[in-house]
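In: Could you work out the structure for the sequence below:
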Amino acid sequence: MFKTLVRPLALSALMLPWVQAWGAVERETFEVYVTIPTADFHVVPLDPQLVQREQRLPFSTITGELSPLRATYEVKNSNGAIGARLGEEAYLSNGRERIDLRVAFNGVVLTLDSAQVVTATDARPGRQVPLEIAAIRPDDDYKPGDYYGTVHMVFDATAP
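Out: Just a heads-up that it's a prediction; the model follows:
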C-alpha cells in the first residue's frame, strides 16, 4: 500500500520541473548606455530622456494656455561661472503660424547673446538648476494646428 502511494507522488515530483519547460517564455531586450560627464565642467539634464525624445507642451482647451516645459539640470564648472545662449531663435511653427518660446535657465531668460546663468561660487561645487520653456501667447491668440520646433541651447565654461 505504501508503494502504491509513494510511486505516483515520486513520479509527480520528478515531472514537475518539466511542466515549467512547457510554459510560455518571455524575453526582454533593451539597450543600455551611460554618459559620464567630466568632473570639471558639465551641464546635463537629470532626466536623460529630456534631450532624447520629443517634448510636448500640453494645451488646455479650458484656459486656452500652453503649459510650460520644466526640467532640472545638474551643472558644474570647477574653474568659473557658466554662461548660456540660444543657438537660434526658439519657436514652434506649423508652416504658416509661429509661436515664440521663452527659454529661461536658472531664472535667466536666454537670448542669442551669452549671459551668465550660474555664478562661479554656485558652479564650483555643482548644483541643480531649473529650465523652463514657455510659449509666448501671440497677440491674435493661438491658431489651431500641429506645431513643432527645436530649442538649441549653448553652454560655456566662463573663466573667472
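In: Look at Gln116 and say how many residues are nearby.
Out: Counted with other CB atoms under 10 Å, the neighbours of Gln116 add up to 16. The C-beta positions use only the backbone N, C-alpha and C, and glycine is treated the same way.
In: looking at this, it is in a strand?
Out: Yes - the assignment for Gln116 (DSSP: H, G, I helix; E, B strand; the rest coil) places it in a strand.
In: isn't it right up against Asn77?
Out: No - using CB atoms under 8 Å, Gln116 is not in contact with Asn77; the gap is 10.9 Å.
In: in the chain, which spans are helices?
Out: 2-21, 120-123 (DSSP state H).
In: ok, of those helices, where does mean pLDDT dip lowest?
Out: Here these differ in mean pLDDT, and the lowest is helix 2-21 at a mean of 58.
In: So for the residue nearest to Glu97 when sequence neighbours are not counted, what pLDDT did the model give?
Out: Among residues not flanking Glu97 along the chain, Lys143 sits closest, at 4.6 Å (CB to CB, 6 or more residues apart in numbering). Lys143 carries a pLDDT score of 92 in this model.
In: Would you point out which residue is most central in the protein?
Out: With distances taken as CA atoms, centre = their mean, the chain has Leu50 as the residue nearest its mean C-alpha position (1.7 Å).
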